[in-house]
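*Asks:* the following block contains a protein sequence and its predicted model.
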Protein chains: 4
Amino acid sequence: MSPPIPKDPAFRARIQASFDKQGLMRTLGASILRIEPGAVGIALPASPAVSQQHGFVHAGAVAAIADTAAGYAALTLMPPGAGVLTTEFKINLVAPAAGERILARGRVIKAGRTLTLAQAEVFAETAGQEKLVAFLTATLMAIEGRDGMAD
Amino acid sequence: MSPPIPKDPAFRARIQASFDKQGLMRTLGASILRIEPGAVGIALPASPAVSQQHGFVHAGAVAAIADTAAGYAALTLMPPGAGVLTTEFKINLVAPAAGERILARGRVIKAGRTLTLAQAEVFAETAGQEKLVAFLTATLMAIEGRDGMAD
Amino acid sequence: MSPPIPKDPAFRARIQASFDKQGLMRTLGASILRIEPGAVGIALPASPAVSQQHGFVHAGAVAAIADTAAGYAALTLMPPGAGVLTTEFKINLVAPAAGERILARGRVIKAGRTLTLAQAEVFAETAGQEKLVAFLTATLMAIEGRDGMAD
Amino acid sequence: MSPPIPKDPAFRARIQASFDKQGLMRTLGASILRIEPGAVGIALPASPAVSQQHGFVHAGAVAAIADTAAGYAALTLMPPGAGVLTTEFKINLVAPAAGERILARGRVIKAGRTLTLAQAEVFAETAGQEKLVAFLTATLMAIEGRDGMAD
C-alpha cells in the first residue's frame, strides 16, 4: 500500500501547534516524537505523577496518549481547516504499563470523509527494550467549519 | 434488584486509600464523591490543566476518571485482599466535555469471580445542571494474591 | 426523564418493515417483540442452527440481535426517510448464552443529529427466568437522503 | 518478530473440528480458508440469507465471522485440551459490506495465559479485488479443564 498523501502540506506544524494547546498533554509530561502522513508517535515518561495504585502508569494516562496519537494520525490526512474529535475508543490493556517511558504509535486504518478509524499500539520502554502494553482503536470525526474547532 | 453486598466491610476505607495512591488522580485534581456497594462517583474540575486543543476537557481525562470510577465500583464487591486491574474499556464521547466539572458515576453491571463488567456515565456540570458527555464500559480483572497488587 | 418523542408517527410499521427485509434475522429465526420510542426488543430461539462449538448460542448470533435491537431503537427516534447504519459496537459477553431463547433489549442512550449511541442488554431465558449474558453499546449513523438507504 | 509456535501440533485438525461443530457457521454458509500459527481466515459468501435491510451483508454476520476468526487465531496458540471463549469484542464497520464474499482474517496481537487479544480485518471481495469493511479486536479467555468446553 502506498503511503497516504496529506491534503495539508503544513500538517506537521499544524499538529504540533494543536498538541501544544492540549493542557492535559503538558500536565502529563507527554511530547510528540514523530509526525508522518497517517501516523503520529507520542511519548510519556513514567513517573508517580501518572501512576495508579500499584505504581504502574495509570490506564487513563495510557489511554490519553494513545487516543491523542490516534487522533493526530487521523488529522494528518485531513484538509486544512478541518478539526478532529474522538467519538469513541476502545483500549485493551494487555500488560501492566511498567517501564521508563510509554510510547504510543497511532496509525490510520481507514480515512473517511466524516469518520476515520485509527489504531494506536502502546509500548513500555525499559533500557531500550519495548513491550506491548496496550492496543487502542478509535473513531475520529472530522469537524470542518465549526467555530473554533479547527485542528 | 436488591443491592449487592460487599464481601469486605471496610470497602470504603480501602477504596479511598487506594485512590489516594493514584498519582494520576492527584495530578488531574480528581476526587471521590461517593462510594456505595457496586457504585463509585468521581469528580474532576474542568481547567486548562486537563484540556484538549479546543478548550474542552480532554477525552483522555474523561476516560481516566470514568475508568477509575468503574474500576473502584468493581472493587467495592471484591473480597478483602483482592486487587483490580482494567483489562479493557470502551468509551463513547457523545458531547464535548464542557462545564465547570466532570462527574463520572461508575456502576457494576455483572460481578464475576475473575472478570467484572462495569459501566460509567460521565456528565459535565454547569450551574448545577448535568449533561451526559460520555459512556464507558470496562472489564476489570480480580488479581487476588499477586504481590503488591491488592486494591 | 420523559420518554423521547418519535419524529415519525409511523415508526413502528416502518421498523417492522425494515426488520422483515433483513435476511439474516429470518435466517437466524429472530423476531421483534416490542417497539417503543427509543427502545426495541428482539427474541432469538436457541437452537443448533445458531450454536457455537460448546452448544451455547454463538457470540456472533448474540451480537447480531443485540446490534439489531440497538440499531432499531435508534431508528425509532429518527425522522421519516432517515436510515441507520452501525458504525461500531462493542459487546461484553458476561455468561454463556445458554437457555431456551435469547432476548435483546435495545435502548437509546443519546440521540444525536448524525450519531446516536444506543445500548442493548441481552438475556438468556430459561423456564421464564432471565439471566444477563451480554451488554452491547453501539454507534449508529443517520443516513438521510442516500439512495436506497432509508430505514 | 518470529512466528508464534503452537503448543498443540494438531492445532489445524482441532480447529477445523471445532469449527465444524459451530451450527451458526454452517447456517451462515461460512468456511475456513486458512489456519496458521496465530492466524485464521474465514470466508462468507454474500447472499440474501445474511443481508441487512439495504442488501449489504448484516453487521451481525460480519461480526460473527470476524469474532470466529479472531477466536480460532487465539486457539491456535493454546495448549491441547484448552478451550476458548470470547469475553468481549469491538467491531468498527468502515464501509458497507457489499461484494461477492466477505473475508475475515484473524490474528493474535498478544497471547496470554488467561486472556488473549486478537484482531480481525474483514474485507469485501468483488471480482478479485478486496476492500476493507470492518476491523475487530477481541478478548479471548482460555478455559482449560472445564467440562465439555475444550476447543
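*Replies:* Sure, I can see it.
*Asks:* which of the residues in the host helix or strand of A:Met25 are buried?
*Replies:* Element membership for A:Met25, per DSSP states H and E: helix A:23-28. For helix A:23-28, a neighbour-count test (16 or more other CB atoms under 10 Å in any protein chain shown) marks A:23-25, A:27-28 as buried. Just so you know, the C-beta spots here come from the backbone N, C-alpha and C atoms, and that holds for glycine as well.
*Asks:* quick check: mean pLDDT of that helix?
*Replies:* For helix A:23-28, mean pLDDT rounds to 98.
*Asks:* do the same with stretch A:137-147
*Replies:* 83.
*Asks:* swap in stretch A:77-94?
*Replies:* Averaged over stretch A:77-94, pLDDT sits at 94.
*Asks:* could you tell me the end-to-end distance of that stretch?
*Replies:* End-to-end distance for stretch A:77-94, by CA to CA, to the nearest Å: 29 Å.
*Asks:* which residue packs closest to A:Val86, ignoring adjacent ones?
*Replies:* Val isn't right for residue A:86; it's Thr. Spatial nearest neighbour of A:Thr86, chain neighbours left out: B:Ala59 (4.7 Å); criterion: CB to CB, 6 or more residues apart in numbering or on different chains.
*Asks:* pull the longest strand from chain A.
*Replies:* For chain A, the longest strand by residue count, based on DSSP state E, is strand A:129-142.
*Asks:* which other helices and strands does it contact?
*Replies:* Counting by 3 or more CB pairs under 8 Å, 6 or more residues apart in numbering or on different chains; DSSP states H and E, the packing neighbours recorded for strand A:129-142 are helix A:59-75, strand A:84-93, strand A:101-110, strand A:115-126, strand D:84-93, strand D:101-110, strand D:129-142.
*Asks:* which of these sits most buried?
*Replies:* Mean neighbour count (mean count of other CB atoms under 10 Å in any protein chain shown) peaks for helix A:59-75 among these, with a mean of 30.
*Asks:* just to revisit the earlier point, so the residue nearest to A:Thr86 sits right up against B:Gln52, yeah?
*Replies:* Yes. Contact criterion CB atoms under 8 Å: B:Ala59 and B:Gln52 qualify, at 6.8 Å.
*Asks:* tell me the contacts of A:Phe56?
*Replies:* A:96-98 (CB atoms under 8 Å, 6 or more residues apart in numbering or on different chains).
*Asks:* do the same with A:Gly112
*Replies:* D:Val94.
*Asks:* mind checking the SS state of it?
*Replies:* coil (DSSP: H, G, I helix; E, B strand; the rest coil).
*Asks:* separation between it and chain B?
*Replies:* Here A:Gly112 is placed at a distance of 18 Å from chain B (CB to the nearest CB, to the nearest Å).
*Asks:* quick check: the gap between that residue and D:Ala98.
*Replies:* Look at A:Gly112 and D:Ala98: by CB to CB, to the nearest Å, they are 16 Å apart.
*Asks:* please apply the same query to A:Thr126.
*Replies:* A:Thr126 is 46 Å from D:Ala98, by CB to CB.
*Asks:* cool, and A:Ser31?
*Replies:* Going from A:Ser31 to D:Ala98 by CB to CB gives 43 Å.
*Asks:* now do the contacts for the residue nearest the centre of chain A.
*Replies:* The residue lying closest to the centre of chain A (CA atoms, centre = their mean) is A:Ala69, at 1.1 Å. Residues near A:Ala69 by CB under 8 Å, 6+ apart: A:40-42, A:104-106, A:120.
*Asks:* format the residues you listed as a markdown table; extra columns: pLDDT and distance to B:Pro80.
*Replies:* Putting the contacts of A:Ala69 into a markdown table (pLDDT from 0 to 100; distance: CB to CB, whole Å) gives the following:
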| residue | pLDDT | distance to B:Pro80 |
| --- | --- | --- |
| A:Val40 | 98 | 44 |
| A:Gly41 | 98 | 42 |
| A:Ile42 | 98 | 39 |
| A:Ala104 | 98 | 36 |
| A:Arg105 | 98 | 40 |
| A:Gly106 | 98 | 40 |
| A:Ala120 | 98 | 36 |
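*Asks:* return the member of those residues nearest to chain D.
*Replies:* Proximity of these to chain D (CB to the nearest CB) peaks at A:Ala120, which lies at 11.9 Å.
*Asks:* thought the closest one was touching A:Leu103?
*Replies:* No. The pair A:Ala120 and A:Leu103 does not pass the contact test of CB under 8 Å, sitting 9.9 Å apart.
*Asks:* hang on, the earlier thing: just checking: what are the partner strands of the helix or strand just after the helix holding A:Met25?
*Replies:* Where DSSP H and E defines the elements, the next helix or strand beyond helix A:23-28 is strand A:31-36. Strand A:31-36 has these partner strands in its sheet, going by DSSP bridges: strand A:39-45 (antiparallel).
*Asks:* let's see the partner strand as CSV, backbone CA atoms only.
*Replies:* Coordinates of each C-alpha in strand A:39-45 appear next as CSV, following Å, rounded to 0.1, in the frame of the first residue of the first chain:
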residue,chain,number,x,y,z
ALA,A,39,1.0,8.2,11.7
VAL,A,40,1.9,10.0,14.9
GLY,A,41,4.0,8.9,17.9
ILE,A,42,3.8,10.3,21.4
ALA,A,43,6.0,9.6,24.5
LEU,A,44,5.1,9.8,28.2
PRO,A,45,7.8,9.5,30.9
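*Asks:* what lies in contact with it?
*Replies:* Contact with strand A:39-45 is made by A:15, A:25, A:28-35, A:50, A:57, A:61, A:65, A:68-70, A:72-73, A:76, A:100-108, as judged by CB under 8 Å, 6+ apart.
*Asks:* quick one: it to strand A:101-110, angle?
*Replies:* Angle of strand A:39-45 versus strand A:101-110, following axes from the mean of the first three to the mean of the last three CA atoms, to 10 degrees, is 160 degrees.
*Asks:* got the buried residues for strand A:39-45?
*Replies:* A:39-45.
*Asks:* just want the angle from it to helix A:59-75.
*Replies:* Taking the same axes, to 10 degrees, one finds strand A:39-45 and helix A:59-75 inclined to each other by 150 degrees.
*Asks:* next to chain C, which bits of chain A? Give me the list.
*Replies:* For chain A, the residues in contact with chain C (CB under 8 Å from any CB of the partner chain) are A:87-88, A:90, A:114-115, A:139, A:141.
*Asks:* how about the residues you listed, which pair is most distant?
*Replies:* A:Lys90 and A:Thr114 (19.6 Å; CB to CB).
*Asks:* near A:Gly81, how many other residues are there?
*Replies:* As a burial measure, A:Gly81 scores 12 neighbours (other CB atoms under 10 Å in any protein chain shown).
*Asks:* quick one, phi psi at A:His54?
*Replies:* Backbone torsions for A:His54, taken as degrees, to the nearest 10, come to phi -100, psi 0.
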